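S.K.: the following block contains a protein sequence and its predicted model.
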Amino acid sequence: MKLNIAVLPGDGIGPEIMNQAVAVTQAICNKFGHELSYKTGIVGACAIDQTGDPYPAETHQLCMESDAVLFGAIGSPKYDNDPNAKVRPEQGLLRMRKQLGLYANIRPVTTFPSLIHKSPLRSELVEDADFMCIRELTGGLYFGKPQGRSEDGNTAYDTCIYTREEIERILHLAYKFAGQRKKKVTVVDKANVLATSRLWRQIAQEIAPQYPDIQTDYLFVDNAAMRIIQWPKSFDVLVTENLFGDILTDEASVITGSLGLLPSASIGLHTSLFEPIHGSYPQAAGKDIANPLAMILSAALMFEYGFNLMEEGALIREAVNASLEAGVVTEDIAEGGKAYKLSEVGAWIVNYINNK
Ligand code: IPM
Ligand code: MN
(Lines give C-alpha, C1' and ligand atoms only; values in the text may rest on other atoms or scores of the structure.)
(Ligands and ions follow the chains in the order given, each with its own letter.)
Protein backbone atom coordinates (compact mmCIF):
# COMPACT_ATOMS: atom_id res chain seq x y z
CA MET A 1 0.00 0.00 0.00
CA LYS A 2 1.13 3.57 -0.59
CA LEU A 3 0.75 5.89 2.38
CA ASN A 4 0.70 9.62 1.67
CA ILE A 5 0.93 11.37 5.00
CA ALA A 6 0.82 15.02 6.02
CA VAL A 7 3.13 15.58 8.97
CA LEU A 8 2.29 18.61 11.13
CA PRO A 9 4.73 18.74 14.07
CA GLY A 10 3.37 22.05 15.47
CA ASP A 11 4.90 23.75 18.52
CA GLY A 12 6.85 22.95 21.69
CA ILE A 13 7.79 19.29 21.89
CA GLY A 14 5.78 18.61 18.71
CA PRO A 15 8.79 18.38 16.36
CA GLU A 16 10.77 16.04 18.65
CA ILE A 17 7.98 13.58 19.29
CA MET A 18 6.99 13.72 15.64
CA ASN A 19 10.50 12.70 14.53
CA GLN A 20 10.07 9.49 16.51
CA ALA A 21 6.55 8.82 15.23
CA VAL A 22 7.77 9.23 11.67
CA ALA A 23 10.73 6.92 12.30
CA VAL A 24 8.38 4.30 13.75
CA THR A 25 5.97 4.71 10.81
CA GLN A 26 8.87 4.26 8.42
CA ALA A 27 10.06 1.14 10.23
CA ILE A 28 6.56 -0.36 10.05
CA CYS A 29 6.29 0.47 6.34
CA ASN A 30 9.66 -1.19 5.68
CA LYS A 31 8.64 -4.28 7.60
CA PHE A 32 5.23 -4.71 5.95
CA GLY A 33 6.25 -3.58 2.47
CA HIS A 34 4.31 -0.30 2.30
CA GLU A 35 5.57 2.75 0.52
CA LEU A 36 5.66 5.83 2.75
CA SER A 37 5.68 9.33 1.39
CA TYR A 38 5.25 12.27 3.71
CA LYS A 39 5.28 16.04 3.52
CA THR A 40 5.62 18.45 6.41
CA GLY A 41 3.39 21.47 7.03
CA ILE A 42 3.20 24.25 9.61
CA VAL A 43 0.40 24.87 12.07
CA GLY A 44 -0.02 26.71 15.38
CA ALA A 45 2.31 29.32 16.89
CA CYS A 46 5.13 28.49 14.47
CA ALA A 47 2.74 29.15 11.57
CA ILE A 48 1.68 32.49 13.08
CA ASP A 49 5.34 33.47 13.43
CA GLN A 50 6.09 32.58 9.82
CA THR A 51 2.89 33.63 8.04
CA GLY A 52 0.57 35.40 10.50
CA ASP A 53 -1.93 32.55 10.11
CA PRO A 54 -2.13 29.56 12.50
CA TYR A 55 -3.55 27.30 9.76
CA PRO A 56 -2.24 28.57 6.42
CA ALA A 57 -3.96 27.65 3.16
CA GLU A 58 -0.92 25.60 2.04
CA THR A 59 -1.18 23.46 5.16
CA HIS A 60 -4.87 22.89 4.54
CA GLN A 61 -4.18 21.89 0.96
CA LEU A 62 -1.45 19.50 2.06
CA CYS A 63 -3.89 17.84 4.50
CA MET A 64 -6.60 17.55 1.85
CA GLU A 65 -4.19 15.89 -0.58
CA SER A 66 -2.94 13.37 1.98
CA ASP A 67 -4.41 10.05 3.09
CA ALA A 68 -3.87 10.83 6.78
CA VAL A 69 -2.53 13.63 8.97
CA LEU A 70 -0.13 13.10 11.85
CA PHE A 71 -0.35 16.07 14.18
CA GLY A 72 1.98 16.88 17.10
CA ALA A 73 0.78 19.66 19.38
CA ILE A 74 0.18 23.38 19.27
CA GLY A 75 0.38 26.21 21.77
CA SER A 76 2.94 28.60 23.10
CA PRO A 77 3.19 30.62 26.33
CA LYS A 78 3.83 33.65 24.18
CA TYR A 79 0.15 33.62 23.17
CA ASP A 80 -1.33 32.15 26.36
CA ASN A 81 -0.04 35.06 28.39
CA ASP A 82 -1.20 37.74 26.01
CA PRO A 83 -4.96 38.29 26.43
CA ASN A 84 -4.88 40.85 23.61
CA ALA A 85 -3.30 38.54 21.03
CA LYS A 86 -5.51 38.79 17.94
CA VAL A 87 -4.53 35.44 16.48
CA ARG A 88 -3.98 32.40 18.65
CA PRO A 89 -2.61 28.95 17.86
CA GLU A 90 -5.88 27.36 19.07
CA GLN A 91 -7.79 29.16 16.32
CA GLY A 92 -5.68 27.20 13.86
CA LEU A 93 -6.75 23.95 15.50
CA LEU A 94 -10.43 24.87 15.42
CA ARG A 95 -10.25 25.97 11.79
CA MET A 96 -8.39 22.84 10.87
CA ARG A 97 -11.14 20.71 12.45
CA LYS A 98 -13.87 22.66 10.68
CA GLN A 99 -12.20 22.85 7.27
CA LEU A 100 -11.24 19.17 7.29
CA GLY A 101 -14.75 18.26 8.47
CA LEU A 102 -13.31 16.35 11.44
CA TYR A 103 -16.61 15.88 13.20
CA ALA A 104 -15.61 13.05 15.53
CA ASN A 105 -12.79 12.92 18.03
CA ILE A 106 -12.09 9.46 19.33
CA ARG A 107 -10.12 8.91 22.47
CA PRO A 108 -9.61 5.32 23.50
CA VAL A 109 -9.13 5.04 27.26
CA THR A 110 -6.98 1.99 27.84
CA THR A 111 -4.69 1.02 30.66
CA PHE A 112 -1.07 -0.08 30.71
CA PRO A 113 -0.50 -2.67 33.44
CA SER A 114 2.86 -1.21 34.43
CA LEU A 115 1.34 2.25 35.01
CA ILE A 116 -1.90 1.42 36.81
CA HIS A 117 -0.40 2.34 40.17
CA LYS A 118 -0.10 5.92 38.86
CA SER A 119 -3.85 6.24 38.53
CA PRO A 120 -5.51 8.62 41.01
CA LEU A 121 -8.09 5.87 41.44
CA ARG A 122 -7.64 2.59 43.29
CA SER A 123 -6.08 -0.03 41.02
CA GLU A 124 -9.02 -2.42 41.20
CA LEU A 125 -11.29 0.30 39.77
CA VAL A 126 -9.13 0.92 36.70
CA GLU A 127 -7.55 -2.44 35.97
CA ASP A 128 -8.86 -3.61 32.60
CA ALA A 129 -10.95 -0.47 32.09
CA ASP A 130 -11.28 -0.12 28.35
CA PHE A 131 -13.65 2.39 26.84
CA MET A 132 -13.80 4.93 24.13
CA CYS A 133 -15.01 8.52 24.20
CA ILE A 134 -16.46 9.87 20.99
CA ARG A 135 -16.72 13.64 21.08
CA GLU A 136 -18.59 15.67 18.45
CA LEU A 137 -15.93 18.10 17.27
CA THR A 138 -17.30 20.63 14.79
CA GLY A 139 -20.58 21.81 16.31
CA GLY A 140 -22.10 23.08 19.54
CA LEU A 141 -20.82 26.00 21.56
CA TYR A 142 -17.40 25.97 19.92
CA PHE A 143 -18.77 27.08 16.56
CA GLY A 144 -22.33 28.38 17.14
CA LYS A 145 -23.07 31.91 16.00
CA PRO A 146 -23.65 34.49 17.37
CA GLN A 147 -20.72 34.56 19.73
CA GLY A 148 -19.45 37.80 21.18
CA ARG A 149 -19.99 40.76 23.45
CA SER A 150 -22.53 43.50 23.74
CA GLU A 151 -21.42 47.00 22.77
CA ASP A 152 -20.74 48.09 26.34
CA GLY A 153 -18.61 44.98 26.78
CA ASN A 154 -20.48 43.85 29.88
CA THR A 155 -22.51 41.02 28.40
CA ALA A 156 -21.10 38.05 26.52
CA TYR A 157 -22.82 35.23 24.68
CA ASP A 158 -22.11 31.89 23.00
CA THR A 159 -24.63 29.88 21.05
CA CYS A 160 -25.12 26.14 21.22
CA ILE A 161 -26.55 24.79 17.96
CA TYR A 162 -26.91 21.23 16.70
CA THR A 163 -28.64 19.95 13.59
CA ARG A 164 -30.22 16.54 13.11
CA GLU A 165 -27.58 15.67 10.53
CA GLU A 166 -24.69 16.43 12.89
CA ILE A 167 -26.23 14.36 15.66
CA GLU A 168 -27.19 11.42 13.48
CA ARG A 169 -23.78 10.96 11.90
CA ILE A 170 -21.90 10.90 15.19
CA LEU A 171 -24.40 8.56 16.81
CA HIS A 172 -24.13 6.12 13.89
CA LEU A 173 -20.36 6.25 14.27
CA ALA A 174 -20.69 5.43 17.97
CA TYR A 175 -22.83 2.39 17.17
CA LYS A 176 -20.38 1.29 14.52
CA PHE A 177 -17.54 1.28 17.05
CA ALA A 178 -19.67 -0.34 19.76
CA GLY A 179 -20.54 -3.12 17.31
CA GLN A 180 -16.84 -3.98 17.11
CA ARG A 181 -16.39 -3.73 20.87
CA LYS A 182 -18.50 -4.53 23.92
CA LYS A 183 -21.80 -3.55 22.32
CA LYS A 184 -22.81 -0.73 24.59
CA VAL A 185 -23.35 2.96 23.80
CA THR A 186 -23.75 5.59 26.50
CA VAL A 187 -25.28 8.83 25.20
CA VAL A 188 -24.29 11.74 27.43
CA ASP A 189 -26.35 14.94 27.42
CA LYS A 190 -28.11 17.48 29.62
CA ALA A 191 -31.59 16.80 28.30
CA ASN A 192 -33.18 17.90 31.57
CA VAL A 193 -32.09 21.49 30.81
CA LEU A 194 -30.88 22.08 27.24
CA ALA A 195 -32.88 22.09 24.01
CA THR A 196 -29.91 20.81 21.99
CA SER A 197 -29.56 17.91 24.43
CA ARG A 198 -33.24 17.07 24.07
CA LEU A 199 -32.74 16.83 20.31
CA TRP A 200 -29.71 14.56 20.90
CA ARG A 201 -31.74 12.29 23.10
CA GLN A 202 -34.73 12.23 20.77
CA ILE A 203 -32.53 11.26 17.83
CA ALA A 204 -30.66 8.69 19.89
CA GLN A 205 -33.99 7.10 20.81
CA GLU A 206 -34.89 6.94 17.13
CA ILE A 207 -31.57 5.41 16.13
CA ALA A 208 -31.11 2.91 18.97
CA PRO A 209 -33.71 0.41 17.64
CA GLN A 210 -31.72 0.20 14.39
CA TYR A 211 -28.98 -1.52 16.43
CA PRO A 212 -30.86 -4.19 18.37
CA ASP A 213 -27.74 -6.06 19.46
CA ILE A 214 -26.29 -2.94 21.09
CA GLN A 215 -27.37 -1.70 24.50
CA THR A 216 -28.05 2.05 24.76
CA ASP A 217 -27.77 3.94 28.05
CA TYR A 218 -28.49 7.61 28.65
CA LEU A 219 -26.69 9.70 31.25
CA PHE A 220 -26.81 13.36 32.14
CA VAL A 221 -23.37 14.87 31.85
CA ASP A 222 -22.98 15.65 35.56
CA ASN A 223 -23.83 12.08 36.42
CA ALA A 224 -21.49 10.78 33.70
CA ALA A 225 -18.63 12.82 35.18
CA MET A 226 -19.24 11.03 38.46
CA ARG A 227 -19.62 7.56 36.96
CA ILE A 228 -16.36 7.84 35.01
CA ILE A 229 -14.40 7.97 38.23
CA GLN A 230 -16.71 5.78 40.26
CA TRP A 231 -17.02 2.90 37.84
CA PRO A 232 -14.91 3.37 34.70
CA LYS A 233 -15.32 -0.28 33.77
CA SER A 234 -19.03 0.24 33.17
CA PHE A 235 -18.40 2.14 29.91
CA ASP A 236 -17.80 0.87 26.42
CA VAL A 237 -18.51 3.69 23.93
CA LEU A 238 -19.45 7.08 25.37
CA VAL A 239 -20.74 9.62 22.84
CA THR A 240 -21.41 13.28 23.50
CA GLU A 241 -21.42 16.85 22.19
CA ASN A 242 -18.40 19.09 21.79
CA LEU A 243 -17.98 20.90 25.13
CA PHE A 244 -19.14 18.01 27.30
CA GLY A 245 -16.72 15.82 25.37
CA ASP A 246 -13.86 18.24 25.87
CA ILE A 247 -14.34 18.12 29.63
CA LEU A 248 -15.13 14.42 30.03
CA THR A 249 -12.23 13.28 27.87
CA ASP A 250 -9.74 15.15 30.03
CA GLU A 251 -11.28 13.53 33.07
CA ALA A 252 -11.24 10.09 31.45
CA SER A 253 -7.65 10.44 30.27
CA VAL A 254 -6.13 10.79 33.74
CA ILE A 255 -7.83 7.83 35.34
CA THR A 256 -5.57 5.39 33.54
CA GLY A 257 -2.48 6.96 35.09
CA SER A 258 -0.93 7.37 31.69
CA LEU A 259 -1.92 10.76 30.32
CA GLY A 260 1.36 11.00 28.46
CA LEU A 261 0.57 7.79 26.59
CA LEU A 262 -2.88 8.39 25.19
CA PRO A 263 -3.45 9.02 21.49
CA SER A 264 -6.54 10.26 19.69
CA ALA A 265 -8.07 10.12 16.24
CA SER A 266 -10.25 12.74 14.59
CA ILE A 267 -12.26 11.47 11.70
CA GLY A 268 -14.82 12.98 9.38
CA LEU A 269 -15.51 14.08 5.86
CA HIS A 270 -12.01 14.23 4.41
CA THR A 271 -8.59 13.18 5.68
CA SER A 272 -8.41 11.75 9.22
CA LEU A 273 -6.04 13.21 11.78
CA PHE A 274 -4.11 11.48 14.55
CA GLU A 275 -2.63 13.29 17.53
CA PRO A 276 -1.58 12.73 21.12
CA ILE A 277 -4.03 14.11 23.67
CA HIS A 278 -1.35 16.00 25.58
CA GLY A 279 -0.28 19.52 24.69
CA SER A 280 2.89 21.17 23.44
CA TYR A 281 4.71 21.09 26.83
CA PRO A 282 6.82 24.18 26.01
CA GLN A 283 9.02 23.82 29.13
CA ALA A 284 10.48 20.61 27.70
CA ALA A 285 10.85 21.76 24.10
CA GLY A 286 14.23 20.97 22.59
CA LYS A 287 15.44 19.12 25.71
CA ASP A 288 14.90 15.60 24.40
CA ILE A 289 13.08 14.60 27.60
CA ALA A 290 9.37 14.50 26.75
CA ASN A 291 7.48 11.23 26.42
CA PRO A 292 7.03 10.29 22.73
CA LEU A 293 4.70 7.34 23.36
CA ALA A 294 1.34 9.10 22.85
CA MET A 295 2.61 10.40 19.52
CA ILE A 296 3.91 6.96 18.55
CA LEU A 297 0.59 5.39 19.58
CA SER A 298 -1.17 8.01 17.45
CA ALA A 299 0.74 6.53 14.52
CA ALA A 300 -0.65 3.12 15.57
CA LEU A 301 -4.19 4.55 15.44
CA MET A 302 -3.36 5.96 12.01
CA PHE A 303 -2.54 2.50 10.69
CA GLU A 304 -5.67 1.02 12.27
CA TYR A 305 -8.38 3.64 11.71
CA GLY A 306 -6.77 5.54 8.83
CA PHE A 307 -5.64 2.62 6.69
CA ASN A 308 -7.36 -0.40 8.21
CA LEU A 309 -3.92 -1.99 8.69
CA MET A 310 -4.51 -3.75 11.99
CA GLU A 311 -1.37 -5.88 12.23
CA GLU A 312 0.79 -2.83 11.66
CA GLY A 313 -0.94 -0.94 14.47
CA ALA A 314 -0.72 -3.97 16.74
CA LEU A 315 3.04 -4.24 16.24
CA ILE A 316 3.50 -0.62 17.32
CA ARG A 317 1.47 -1.31 20.47
CA GLU A 318 3.49 -4.42 21.16
CA ALA A 319 6.72 -2.44 20.81
CA VAL A 320 5.44 0.31 23.12
CA ASN A 321 4.39 -2.24 25.73
CA ALA A 322 7.77 -3.94 25.46
CA SER A 323 9.57 -0.63 26.03
CA LEU A 324 7.47 0.00 29.15
CA GLU A 325 8.17 -3.47 30.48
CA ALA A 326 11.89 -3.13 29.74
CA GLY A 327 11.90 0.14 31.68
CA VAL A 328 13.04 2.10 28.65
CA VAL A 329 11.00 5.14 29.62
CA THR A 330 11.30 8.91 29.81
CA GLU A 331 11.63 10.79 33.09
CA ASP A 332 7.88 11.31 33.59
CA ILE A 333 7.43 7.60 34.26
CA ALA A 334 10.97 6.54 35.24
CA GLU A 335 10.33 6.54 39.02
CA GLY A 336 13.79 6.25 40.42
CA GLY A 337 14.93 3.96 37.63
CA LYS A 338 17.05 5.25 34.79
CA ALA A 339 15.33 7.93 32.74
CA TYR A 340 15.92 7.60 29.02
CA LYS A 341 15.90 10.42 26.52
CA LEU A 342 12.96 10.91 24.20
CA SER A 343 15.14 9.95 21.23
CA GLU A 344 16.45 6.83 23.02
CA VAL A 345 12.94 5.59 23.68
CA GLY A 346 12.05 6.18 20.02
CA ALA A 347 15.18 4.41 18.80
CA TRP A 348 14.51 1.43 21.10
CA ILE A 349 11.01 1.05 19.66
CA VAL A 350 12.26 1.33 16.07
CA ASN A 351 14.89 -1.27 16.85
CA TYR A 352 12.29 -3.60 18.38
CA ILE A 353 10.18 -3.34 15.22
CA ASN A 354 13.18 -3.91 12.94
CA ASN A 355 14.19 -7.04 14.84
CA LYS A 356 10.72 -8.52 14.96
C1 IPM B 1 -8.68 19.72 23.00
C2 IPM B 1 -8.24 21.09 23.43
C3 IPM B 1 -8.87 22.12 22.50
C4 IPM B 1 -10.37 22.02 22.64
C5 IPM B 1 -8.40 23.56 22.72
C6 IPM B 1 -6.91 23.68 22.68
C7 IPM B 1 -9.05 24.51 21.74
O8 IPM B 1 -8.57 21.35 24.76
O9 IPM B 1 -8.32 19.30 21.89
O10 IPM B 1 -9.36 19.04 23.76
O11 IPM B 1 -10.96 22.62 23.55
O12 IPM B 1 -10.97 21.33 21.83
MN1 MN C 1 -9.55 19.66 25.76
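M.R.: Right, received. Where do you want to start? Ligands and ions are numbered 1, 2, ... in the order given.

S.K.: so the residue in the stretch 151-300 of the chain that ligand 1 sits nearest to, which state does it fall into?
M.R.: Using Cβ to the nearest ligand atom, residue 246 is the residue of the stretch 151-300 of the chain that sits closest to ligand 1, at 4.5 Å. Any C-beta I mention is one placed from the backbone N, CA and C, and that applies to glycine too. Secondary structure assignment for residue 246 (DSSP: H, G, I helix; E, B strand; the rest coil): helix.

S.K.: residue contacts, the residue nearest to it when sequence neighbours are not counted?
M.R.: Nearest residue to residue 246, sequence neighbours excluded (Cβ to Cβ, 6 or more residues apart in numbering): residue 135, at 6.8 Å. Residue 135 makes contacts with 104, 105, 106, 107, 240, 241, 242, 244, 245, 246, 248, 249, as judged by Cβ atoms under 8 Å, 6 or more residues apart in numbering.

S.K.: okay, and the second one sits in which element?
M.R.: It stands for residue 105. Counting by DSSP states H and E, the element that carries residue 105 is strand 104-110.

S.K.: pull up the pairing partners for that strand, direction included.
M.R.: With DSSP bridges as the test, strand 104-110 is paired with strand 130-136 (antiparallel), strand 263-267 (antiparallel).

S.K.: which residue comes closest to residue 293 once chain neighbours are left out?
M.R.: Of all residues not flanking residue 293 in the chain, residue 261 sits nearest, at 4.7 Å (Cβ to Cβ, 6+ apart).

S.K.: picking that back up, identify each buried residue in the strand holding residue 105, please.
M.R.: Going by neighbour count (16 or more other Cβ atoms under 10 Å), the buried part of strand 104-110 is 104, 105, 106, 107, 108, 109, 110.

S.K.: test my guess that the first one contacts residue 170.
M.R.: What it means is residue 104. Yes: under the criterion of Cβ atoms under 8 Å, residue 104 makes contact with residue 170 at 5.6 Å.

S.K.: if we can go back for a sec, ok, what's across the strand from the residue nearest to residue 246?
M.R.: residue 105, residue 240.

S.K.: hmm, which helix or strand of the chain has the shakiest average pLDDT?
M.R.: Across the helices and strands of the chain, mean confidence by mean pLDDT, DSSP states H and E is lowest for helix 77-80: a mean of 88.

S.K.: so after that helix, what's the next helix or strand?
M.R.: Next along the chain after helix 77-80, taking DSSP H and E as the criterion, comes helix 89-99.

S.K.: what residues does the stretch 1-150 of the chain have near ligand 1?
M.R.: Residues of the stretch 1-150 of the chain lying near ligand 1 by Cβ under 6 Å from any ligand atom: 90, 93.

S.K.: state the next helix or strand along the chain beyond whichever strand or helix holds residue 219.
M.R.: Assigned by DSSP H and E, residue 219 belongs to strand 215-220. As assigned by DSSP H and E, the chain's next helix or strand after strand 215-220 is helix 221-230.

S.K.: other residues contacting that next one?
M.R.: Applying Cβ under 8 Å, 6+ apart, the external contacts of helix 221-230 come out as 121, 125, 186, 188-190, 219, 234-235, 238, 240, 244, 247-248, 251-252, 255.

S.K.: so which of those residues are in strands?
M.R.: When the contacts of helix 221-230 are checked against strands (DSSP state E), the matches are 186, 188, 189, 219, 238, 240.

S.K.: tell me the two of those residues that are most distant?
M.R.: Using Cβ to Cβ, the ones in strands among the contacts of helix 221-230 reach their maximum pairwise distance at 189 and 238, which is 11.3 Å.

S.K.: so those two - more neighbours on which side?
M.R.: Shown here are residue 189 and residue 238; by other Cβ atoms under 10 Å, residue 238 has more neighbours (28 against 24).

S.K.: out of the contacts of helix 221-230, which are buried?
M.R.: 121, 186, 188-190, 219, 235, 238, 240, 244, 248, 252, 255.

S.K.: ok, of those, which one's closest to residue 152?
M.R.: Nearest to residue 152, judged by Cβ to Cβ, of the buried ones among the contacts of helix 221-230 is residue 190 at 30.2 Å.

S.K.: what about residue 56, neighbour count?
M.R.: Residue 56: 18 surrounding residues under other Cβ under 10 Å.

S.K.: which ones are touching it?
M.R.: By Cβ under 8 Å, 6+ apart, residue 56 lies in contact with 42, 43, 47.

S.K.: skip the chain neighbours and tell me the closest residue to the last one.
M.R.: Counting by Cβ to Cβ, 6+ apart, the nearest residue to residue 47 once its immediate chain neighbours are dropped is residue 54, at 5.2 Å.

S.K.: give me the element that neighbour is part of.
M.R.: Using DSSP H and E, residue 54 falls outside every helix and strand.

S.K.: so it touches residue 74, yeah?
M.R.: Yes: using Cβ under 8 Å, residue 54 is in contact with residue 74, at 7.4 Å.

S.K.: need the overlap of contacts for these two.
M.R.: Common neighbours of residue 54 and residue 74 (criterion: Cβ under 8 Å, 6+ apart): 43, 44, 45, 89, 90, 92, 93.

S.K.: weed out the non-buried ones from these.
M.R.: With burial judged by 16+ other Cβ under 10 Å, the buried subset of the shared contacts of residue 54 and residue 74 is 43, 44, 45, 89, 92, 93.

S.K.: farthest-apart pair in those residues, please.
M.R.: Spanning the widest gap among these are 45 and 93, at 11.1 Å by Cβ to Cβ.
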